[in-house]
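Asks: Okay, structure incoming, though there's no sequence with it:
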């Protein structure tokens, strides 16, 4: 635990670095422009959702009541008729970007803490820069990049969009590694 606490500086700097890199990727570079499109008939769909009292949450459509119901002819017909999908509904109002940014920073701190944790066990004394960099970037990439693959596998997110988030994760992993290698390597 003492070794982990001694890495507080690269933990915080890596999280801050990732925060800056992600801000550039999402606000300066048009890298993610076009990841999501506007729904045809948006006004009518939104009005219908309001009329039906659709609350914030995650939805699947069509949605079977049980695994057994998925194989019933009426569910198969609904799926074949379409549309089929997943939808996340947020609370009404302007998105709370401040809350999301805080949560993103805390998540970045968490990935950095786990990176530091693995490094405390895996590195020898007087580690070489590239050894630290290689291991830290791998651990951080696992935390930032690979989880996005599940969205394409299970939720139908276009692979092109998912692969952009995997590349983002790689950049975040490399950023994290740079701070740990700078701090730990001889």
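Replies: Thanks, I have the structure now. Treat the numbers as computed from the prediction; the structure is a model and nothing was measured.
Asks: domains of this protein?
Replies: What automatic domain parsing lists as the domains of the chain is 2-30+95-184, 42-89.
Asks: any idea which of those is most buried?
Replies: With neighbours taken as mean count of other CB atoms under 10 Å, the domains of the chain reach their highest mean count in domain 2-30+95-184, at a mean of 16. Any C-beta I mention is one placed from the backbone N, CA and C, and that applies to glycine too.
Asks: Please name the nearest non-neighbouring residue to the most centrally placed residue in the chain.
Replies: Per CA atoms, centre = their mean, the C-alpha nearest to the average position across the chain is that of residue 148, at 5.8 Å. Of all residues not flanking residue 148 in the chain, residue 165 sits nearest, at 3.9 Å (CB to CB, 6 or more residues apart in numbering).
Asks: pLDDT value on the one you found, please?
Replies: For residue 165, the pLDDT comes out at 97.
Asks: which residues does the nearest residue to residue 129 once chain neighbours are set aside contact?
Replies: Of all residues not flanking residue 129 in the chain, residue 185 sits nearest, at 3.7 Å (CB to CB, 6+ apart). Listed by CB atoms under 8 Å, 6 or more residues apart in numbering, the contact partners of residue 185 are 127, 128, 129, 131, 132, 133.
Asks: 7 Å - rerun?
Replies: Counting by CB atoms under 7 Å, 6 or more residues apart in numbering, residue 185 makes contact with 127, 128, 129, 132.
Asks: again with residue 138
Replies: Applying CB under 7 Å, 6+ apart to residue 138 gives no contacts.
Asks: Which parts of the protein are strands?
Replies: In the chain, the strands defined using DSSP state E lie at 57-61, 85-89.
Asks: Tabulate the ones you listed (CSV), appending distance to residue 16 and mean pLDDT.
Replies: Formatted as CSV, the strands of the chain follow (distance: least, CB to CB, whole Å; pLDDT from 0 to 100):
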stretch, distance to residue 16, mean pLDDT
strand 57-61, 31, 94
strand 85-89, 28, 92
